[in-house]
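Visitor: quick check, what structure comes out for this input:
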Amino acid sequence: MITAVGDVMRACYSRGWITTRDGNASVRRGKSKFLHITPSAWRKNVIFPELMIRMEFDKDNNLVIPPEKNPSGELHMHWLLQKDIKKTRAVVHAHPTHVVATMYRGFDLQKVCTQFPEIFRYTRVGNLVGPLPATSKQLGEATAKALGLGADGSLKFDIVGQSNHGVTAVASDPWSAYEHIERLDHICEIILKSGVSPEDVENKPKVFFS
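Guide: Okay, here's the model as predicted:
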């Protein structure tokens with residue numbers, strides 16, 4: 001599982017979804033008291049298990065950062081999404097080019113995805129997160145809300161777009177989270193190449209696939 005984080009980060013880098021020191025990911029095994037997260041400002045194309053930062057949840061469910069360790073600047077977001085889980089969870093944050101471009105052009109990602117069965121059937125896309133400063137608590141809290149985070153750690157959605165920034169995807173393992181990003185980026189590439197405008201999509205009826 002921890003090895004897969006590095007593999008996914010390298011895959012994101014090879015797709016151009018992150019630059020060398022961008023992106024972050026975390027994993028927590030079900031009921032484990034430890035969270036593993038990528039380090040801040042480290043080259044994500046060379047993430048290996050020994051470079052992951054292991055932090056322990058204390059009795060108040062807060063994370064204890066080991067001395068001289070520098071976890072991802074998006075730690076607050078990962079903590080919110082990981083602190084109450086009952087099953088294994090991976091969180092992956094990246095900046096997929098087509099998704100960011102689609103948001104920047106003003107498309108509603110949720111509505112766009114109702115038009116395409118290959119994503120609607122397998123990936124639940126949450127509400128768009130508005131433009132907020134990267135690494136801020138506000139971004140973490142808005143992302144958790146957009147994913148439909150419940151008091152028990154459950155989520156209503158698998159992925160959300162973060163305006164002018166990127167996406168955060170959540171799944172039972174890093175590769176499944178990666179696949180949510182891949183599906184959304186693929187659909188966004190189709191939308192951009194089609195030449196349609198946000199208004200064109202807004203006027204289309206929602207299409208739902210069983």
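
Visitor: Three-state assignment for V207, please.
Guide: Following DSSP: H, G, I helix; E, B strand; the rest coil, V207 is assigned to coil.

Visitor: how much space between it and R124?
Guide: From V207 over to R124 the distance is 16 Å, taken as C-beta to C-beta, to the nearest Å. Any C-beta I mention is one placed from the backbone N, CA and C, and that applies to glycine too.

Visitor: which one of those two has more residues nearby?
Guide: Counting neighbours by other C-beta atoms under 10 Å for V207 and for R124 shows that R124 has the greater number, 18 against 10.

Visitor: so that one touches K156, yeah?
Guide: Yes. When contacts are counted by C-beta atoms under 8 Å, R124 is listed as touching K156 (6.9 Å).

Visitor: ok, now which ones touch I181?
Guide: 12, 17, 92, 94, 96, 99, 159, 167, 169 (C-beta atoms under 8 Å, 6 or more residues apart in numbering).

Visitor: can you put the residues you listed in a markdown table and add neighbour count?
Guide: Below are those laid out as a markdown table (neighbours: other C-beta atoms under 10 Å):
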| residue | neighbour count |
| --- | --- |
| C12 | 24 |
| W17 | 25 |
| V92 | 28 |
| A94 | 28 |
| P96 | 24 |
| V99 | 28 |
| I159 | 27 |
| V167 | 27 |
| A169 | 29 |
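
Visitor: format the residues you listed as JSON lines; extra columns: pLDDT.
Guide: Converted to JSON lines, the contacts of I181 look like this (pLDDT from 0 to 100):
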{"residue": "C12", "pLDDT": "97"}
{"residue": "W17", "pLDDT": "96"}
{"residue": "V92", "pLDDT": "98"}
{"residue": "A94", "pLDDT": "98"}
{"residue": "P96", "pLDDT": "98"}
{"residue": "V99", "pLDDT": "98"}
{"residue": "I159", "pLDDT": "98"}
{"residue": "V167", "pLDDT": "98"}
{"residue": "A169", "pLDDT": "98"}
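
Visitor: tell me which of those residues fall in strands.
Guide: 92, 94, 159, 167, 169 (DSSP state E).

Visitor: how about these, which pair is most distant?
Guide: Greatest spacing in the ones in strands among the contacts of I181, by C-beta to C-beta: A94 and I159 (10.3 Å).

Visitor: any residues in contact with both of those two?
Guide: Listed contacts common to A94 and I159 are 167, 169, 181; contacts here mean C-beta under 8 Å, 6+ apart.

Visitor: columns distance to S136 on top of the residues you listed, output as TSV?
Guide: Formatted as TSV, those follow (distance: C-beta to C-beta, whole Å):
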residue	distance to S136
V167	17
A169	19
I181	22
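
Visitor: quick one: least confident helix or strand in this structure?
Guide: helix 198-202 (a mean of 84; mean pLDDT, DSSP states H and E).

Visitor: having no further points to raise, I will conclude here.
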